[in-house]
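Chemist: Here is my input, please return the structure:
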Amino acid sequence: MNYRILASLSAIGALALGGGVAEAHNTTFPTSVEFQTSYDAGSELGVAGQVSSSRAACVPNRTVKVFAIFIDDSRELVDIARTSDNGAFAGVGDFGNAVDALAKVRRKNIGGSGHRHICGRASDNFEDNMVNP
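Modeler: Numbering: from 1, shown residues only. This next block holds a predicted model:
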């Protein structure tokens, strides 16, 4: 039997048994964001918090949007912050007559080609702990 034919049949057999090209896959890692404190920042208000995840790569350099929420449920973007290496963030701005604050973290793909490893999105309301300056 010709060695070329034998090699081809062996390769086809290996592919049929699952020994072929790696398949793409998607994995999502849960993420949370939590306001921890507010502070007086001169004529403005500062808020600070923490982004957490079971996957360490989902914590640093995440974009956190901080919104003021008003009595009529309307929102206004107050600041855009980035998390530190350990997930800490702070936003400062004019919350005016806001009754609440909202932090939102968008999804982020940390995977390579064909492997979508998604850091989940998250949000948190500051609720009744907010103090206007």
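Chemist: switch to C-alpha atoms for all contacts and neighbour counts from now on
Modeler: Will do.
Chemist: All the helices of the protein, in order from the start?
Modeler: Listed from the start of the chain, the chain has helices (DSSP state H) covering 3-16.
Chemist: Would you map the strands across the chain?
Modeler: 25-29, 31-41, 44-53, 63-69, 75-82, 88-93, 100-105, 108-109, 115-119, 122-125 (DSSP state E).
Chemist: Quick one: those strands as a markdown table, columns for mean neighbour count too.
Modeler: Formatted as a markdown table, those follow (neighbours: other C-alpha atoms under 10 Å):
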| stretch | mean neighbour count |
| --- | --- |
| strand 25-29 | 13 |
| strand 31-41 | 18 |
| strand 44-53 | 19 |
| strand 63-69 | 22 |
| strand 75-82 | 17 |
| strand 88-93 | 21 |
| strand 100-105 | 22 |
| strand 108-109 | 16 |
| strand 115-119 | 19 |
| strand 122-125 | 18 |
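Chemist: Any chance of TSV for the ones you listed, columns mean pLDDT?
Modeler: Listed next are the strands of the chain as TSV, based on pLDDT from 0 to 100:
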stretch	mean pLDDT
strand 25-29	81
strand 31-41	94
strand 44-53	96
strand 63-69	96
strand 75-82	97
strand 88-93	97
strand 100-105	95
strand 108-109	90
strand 115-119	86
strand 122-125	94
